[in-house]
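> Need a 3D model of the sequence below.
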Amino acid sequence: MSLKCKAAIADGKGGFAIEEIEIAEPQADEVIVRIKAAGICHTDYDSLSWGKPIVMGHEGAGEVYRIGRDVQGVAPGDPVILNWATPCGTCFQCQEGNQHLCENNSPVAAGGNGYTPGHAHLAGTTLQGTPVERSFNLGTFSEYALVKILAVVKNPSRDMPFPAASIIGCGVMTGYGSVVNAAKVQPGSSVAVLGAGGVGLNVIQAARISGATRIIAVDIQEERLERARGFGATHTILASKSDRGLAQAARQVKALTAGRGADYSFECTAVPELGAAPLAMVRNAGTAVQVSGIEQEISFDMNLFEWDKRYINPLYGQCRPQIDFPRIVDLYERGQFMLEEMITRTYTLEDLGKAFDDLLAGRNAKGAIVF
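The predicted structure is shown next:
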């Protein structure tokens, strides 16, 4: 039996509306999740202009509502977290352990089936009788979401508030995984973080958890730097918009790290002009990490790579959802990982326009829709 519910639908031309959609019975390998909360990020705003109608939202948490006949491991009522990089488990990359780069299901990774950001399976969700795509195969700005079981991770904590759980599946995982899985930050090391927004804060606290002893946050907003101190930054640098390539900030980072530069640096600004900036902040043989997903063509001064510096561009913190999500939950339950503190404001679905205004103005570390 199908069900009808409210959802935010992007029109593909820069706008959206709250519409009624219809969700079919789950197929054998599908789950219907009653969405309790959905995180909001810049990608959701970008989806307004993807050129097609789409059920918005790609971060979410809720309760299992219905399951397909072959689904195992979850039952109606179970709290779950959704993962947008759904692995198939059988392709070359999944077999290599790179589940986040799945060649069959990834909506963004090179080597997939030509999907564009926001591509989703059409079957199962309709708008006024016409099939409609779900953002990143999820569509969490909706009272209910139809997803593959491989997109579902059972939350081992039944006490975690749903807004806190909802943000794990993108910004939290990206920041945490970039530190722990990709860079493998070592105890006693120094870390520079460019940008103290939502992703940057998760880089900062993951570096703290990893045992970094000098964590330097760089941002152009004092309010963000103050927030960064609460998440574990030991030093802060208020940068200037006129500081090209953050060259002056890089000199300050070096002054704080015995003149060498940090052991690791993470770019979390999504500003294309700063794509090379983390290289200027790491020591020889240090590691620079491009976290924010810059895809534009930019110029590099190859001198920045001297000597033996490593520059990596991991996707989604090299996420292994069934491993990493429970680890983050465990760290949260032990009081080491701050999730509720990330949620600056919550909104109703009808307040999505206000939520986007706050997002673009940089007022929030993280916003979330609560159903």
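> Give me the neighbour count for the spatially closest residue to residue 45 that is not a sequence neighbour.
Of all residues not flanking residue 45 in the chain, residue 356 sits nearest, at 5.4 Å (CB to CB, 6 or more residues apart in numbering). (C-beta placed from N, C-alpha, C; glycine too.) The tally of other residues near residue 356 (other CB atoms under 10 Å) stands at 18.
> name the helices or strands packed onto the host helix or strand of residue 356?
Using DSSP states H and E, residue 356 sits within helix 352-361. On a contact count with 3 or more CB pairs under 8 Å, 6 or more residues apart in numbering; DSSP states H and E, helix 352-361 meets strand 30-40, helix 42-46, strand 343-347, strand 366-370.
> And the ones you listed: which comes nearest residue 91?
strand 30-40 (19.7 Å; CB to CB).
> any idea where the strands of the stretch 251-371 of the chain begin and end?
262-267, 282-290, 310-312, 343-347, 366-370 (DSSP state E, counting those that start in this stretch).
> Need the distance between the two termini of stretch 277-296.
One end of stretch 277-296 to the other measures 15 Å (CA to CA, to the nearest Å).
> What of stretch 339-348?
With CA to CA, one end of stretch 339-348 sits 20 Å from the other.
> Other residues contacting it?
37, 40, 160-161, 163-165, 167-168, 172, 198, 201-202, 230-231, 332, 354-355, 358, 363-370 (CB atoms under 8 Å, 6 or more residues apart in numbering).
> what's near enough to touch residue 100?
Residue 100 makes contacts with 85, 87, 106, 109, 315, 316, 317, 318, 319, 320, as judged by CB under 8 Å, 6+ apart.
> Pull out the buried residues from those.
85, 87, 106, 109, 315, 316, 317, 318, 319, 320 (16 or more other CB atoms under 10 Å).
> Serialize these to CSV and add fields for pLDDT and distance to residue 183.
CSV is the format used below for the buried ones among the contacts of residue 100 (pLDDT from 0 to 100; distance: CB to CB, whole Å):
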residue, pLDDT, distance to residue 183
85, 88, 19
87, 87, 22
106, 79, 22
109, 60, 19
315, 92, 14
316, 90, 14
317, 91, 10
318, 93, 10
319, 91, 14
320, 92, 16
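> Among those residues, which ones are in helices?
Per DSSP state H, helices hold no members of those.
> what ranges do the helices span in the protein?
42-46, 92-95, 162-166, 173-177, 198-209, 222-231, 247-255, 277-281, 321-333, 352-361.
> okay, now the domains of this protein?
Domain segmentation of the chain under automatic domain parsing yields 3-167+339-370, 175-315.
> Pull the number of nearby residues for residue 314.
For residue 314, using other CB under 10 Å, the count is 19.
> Quick check: the nearest residue to it once chain neighbours are set aside vs residue 197, distance?
Spatial nearest neighbour of residue 314, excluding adjacent residues (CB to CB, 6+ apart): residue 182 at 3.9 Å. When distance is defined by CB to CB, to the nearest Å, residue 182 is 19 Å away from residue 197.
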